[in-house]
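J.: Pasted the sequence and its predicted model underneath.
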Amino acid sequence: MKSPVVKRSIVIAGHKTSVSLEDAFWEALKEIATSRRLTLSDLVATIDSARTQGNLSSAIRLFVLDHYRGVAQNARAVSANERVGAASPPVA
């Protein structure tokens, strides 16, 4: 059975390195970089400089997870605010 993890090369902070990521994490990372108007290399460099332990691939996975947890939390907050707003009487 073929592993879904793919090793990719990327240049960060002027040096070439490789990360092993599943396609879903790689695509999510590219989406986050685009939404932040960063290059993929710049985003990975930021993740790399912020990590305190573990390998870069793990740090990227955790970053993507945290990003989408935040997105989900914001969506829940907006939804809750909309429900409260819809139930409130209009302000005169």
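T.: Happy to help now that I have it.
J.: In stretch 53-65, which residues are buried?
T.: Neighbour-count burial for stretch 53-65 flags 56-57, 59-61, 63-64 (criterion: 16 or more other Cβ atoms under 10 Å). C-betas here are computed from N, CA, C, even on glycine.
J.: again, but for stretch 43-50
T.: Buried, per 16+ other Cβ under 10 Å, within stretch 43-50: 43-45, 47-48.
J.: Mind listing residues that contact that stretch?
T.: Contacts of stretch 43-50 with the rest of the structure, by Cβ atoms under 8 Å, 6 or more residues apart in numbering, involve 10, 12-13, 19, 29, 32-33, 36, 38, 56, 59-60, 63.
J.: how about the strands of the chain, start to end?
T.: Applying DSSP state E to the chain gives strands spanning 5-12, 15-22.
J.: Please export the C-alpha coordinates of the first one as PDB.
T.: Taking only C-alpha atoms (Å, rounded to 0.1, in the frame of the first residue of the first chain), the coordinates of strand 5-12 have been written out as PDB:
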ATOM      1  CA  VAL A   5       2.600  11.100   2.800                       C
ATOM      2  CA  VAL A   6       4.700  12.900   0.100                       C
ATOM      3  CA  LYS A   7       8.100  14.400   0.600                       C
ATOM      4  CA  ARG A   8       8.400  17.900  -0.900                       C
ATOM      5  CA  SER A   9      11.300  20.300  -1.100                       C
ATOM      6  CA  ILE A  10      10.900  23.900  -0.100                       C
ATOM      7  CA  VAL A  11      13.300  26.800   0.400                       C
ATOM      8  CA  ILE A  12      13.000  28.600   3.700                       C
END
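J.: Go through it and flag the buried ones.
T.: In strand 5-12, counting by 16+ other Cβ under 10 Å, buried: 10, 12.
J.: again, but for stretch 61-81
T.: Using 16+ other Cβ under 10 Å as the test for burial, stretch 61-81 gives 61, 63-64, 67.
J.: State the pair within these that is farthest apart.
T.: 61 and 67 (10.8 Å; Cβ to Cβ).
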